[in-house]
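Engineer: Below is the sequence, then the predicted model.
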Amino acid sequence: MKDHVPLNEAHLKTDLTPSSSLSASSASKTKPVKVGNVTIGGPEFAVIAGPCSIESREQFFETATAVKKSGAVLLRGGIWKMRTSHQSFQGLGPEAVGFIREVLDHTGLQLVSEITDPRQVELLDPLVGMYQVGARNMFNYALLKELGQTRKPVLLKRGFSALVDEWIKAAEYITIGGNQNIILCERGIRTFETSTRNTFDLNAVLVAKSRTSFPVVVDPSHAVGIREFVPKLALAAAVAGADGLIVEVHPRPAEALSDGFQALTLEDFRKLSHDLERVLGALDRTMLKPV
Ligand code: PEP
Ligand code: MN
């Protein structure tokens, strides 16, 4: 017996023929998602950057202005963190809202921030351009259904032990409330390999792009967990046809309250943007420009 009938066929492709091209044409079946005036899933490659956690006004302001200058079109930053240990920094929570608004107004960038509990919608909805669902919450169907009730885009990270099929079905939980604005994000999976934080599954990007019409982006920061390897994986994802990436950046990674070991410096990020432009250019693609 068939145990699952897709609730929304609009985003599921039946044609599994692999794309024959490395160029933007493979993205032509993707239905773009708009985050404010930023289009993800169109011909241009979108870069989302910012700190793992929002730590202070100064740190967030400095990072935001620098990543915008270097080509980021959306700003990431965690307000609530899902940390493995409850003793680790849990995020600033509501106390950060005032200065976050100032930074967004100053830069004109929209915020991408993780929602860890449905009760945060009230605070986050006016603040974020796009909700992030973290790897640990991909299977939190109550949260996904709640986000289906909003019309804000949702960046749905793949759970670190989730099959691609489970990841796509998690996206369908959001669509049942009528919210079709979903972007899938591959962020590495847990395998037998322990020499890197996770194993970057570029296969999954290709499968998700061929099986759905959701834009697919990558998070090379969590996928590898080692700063010096992040840019190369970002470039590989661009070559493979990802629609964009989300990357962690910190002005002083050694002082970061979370994930400093994988954060790019402001200068690393500037170089990555430059290299992305060149690599995308060779494939007749361009990087989306900040507005
Ligand atoms: C993050 O983006 O900081 C994060 C916690 O990511 P993930 O949910 O992929 O672990
Ligand atoms: Mn992080």
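Structural biologist: Received, thanks. Ligands and ions are numbered 1, 2, ... in the order given.

Engineer: backbone phi and psi for whichever residue of the stretch 1-150 of the chain sits closest to ligand 2, please?
Structural biologist: When distances are taken as C-beta to the ion, the stretch 1-150 of the chain reaches nearest to ligand 2 at residue 52, 3.3 Å away. Heads up, the C-betas are built off the backbone N, CA and C, glycines and all. Dihedral angles of residue 52 (phi, psi; degrees, to the nearest 10) stand at phi -60, psi -60.

Engineer: That one: how many residues sit nearby?
Structural biologist: 25 (other C-beta atoms under 10 Å).

Engineer: Up against ligand 2, what does this protein have?
Structural biologist: Applying C-beta under 5 Å from the ion, we find that the chain lies next to ligand 2 at 52, 259.

Engineer: Need the residue closest to the centroid of the chain.
Structural biologist: Taking C-alpha atoms, centre = their mean, the centroid of the chain lies closest to residue 246, which sits 4.5 Å from it.

Engineer: SS state for that one?
Structural biologist: Under DSSP: H, G, I helix; E, B strand; the rest coil, residue 246 falls in the strand class.

Engineer: ok, how many other residues are close to the closest residue in space to residue 251 that isn't next to it in sequence?
Structural biologist: Closest residue in space to residue 251, ignoring its immediate chain neighbours: residue 62 at 4.9 Å, by C-beta to C-beta, 6 or more residues apart in numbering. For residue 62, the count of nearby residues is 17 (other C-beta under 10 Å).

Engineer: Doesn't residue 62 belong to a strand?
Structural biologist: No - assigned with three-state DSSP, residue 62 falls outside any strand and is helix.

Engineer: quick one: it and residue 250 touch, right?
Structural biologist: No - Residue 62 is beyond contact range of residue 250, at 9.4 Å (criterion: C-beta atoms under 8 Å).

Engineer: Who are the contact partners of the residue lying closest to the residue nearest to the centre of the chain once chain neighbours are set aside?
Structural biologist: Nearest-residue entry for residue 246: residue 48, 4.1 Å, with adjacent residues in sequence omitted and distances by C-beta to C-beta, 6+ apart. Contacts for residue 48 (C-beta atoms under 8 Å, 6 or more residues apart in numbering) come out as 72-76, 112, 217, 244-247.

Engineer: Separate out the buried members of those.
Structural biologist: Among the contacts of residue 48, the ones that count as buried by 16 or more other C-beta atoms under 10 Å are 72-76, 112, 217, 244-247.

Engineer: Point me to the residue of the stretch 1-150 of the chain nearest ligand 1.
Structural biologist: Relative to ligand 1, the nearest point of the stretch 1-150 of the chain is residue 134 (2.9 Å; C-beta to the nearest ligand atom).

Engineer: Number of residues surrounding that residue?
Structural biologist: 22.

Engineer: And for residue 248?
Structural biologist: Neighbours of residue 248 using other C-beta under 10 Å come to 28.

Engineer: Name the nearest residue to it, sequence neighbours excluded.
Structural biologist: Residue 248 sits nearest to residue 221 (C-beta to C-beta, 6+ apart), 4.1 Å away.

Engineer: likewise residue 236?
Structural biologist: residue 202 (6.4 Å).

Engineer: Same check on residue 269?
Structural biologist: Nearest to residue 269 is residue 249, by C-beta to C-beta, 6+ apart, at 4.7 Å.

Engineer: what does residue 137 give?
Structural biologist: residue 143 (5.6 Å).

Engineer: Would you confirm that the one you found belongs to a helix?
Structural biologist: Yes - counting by three-state DSSP, residue 143 is located in a helix.
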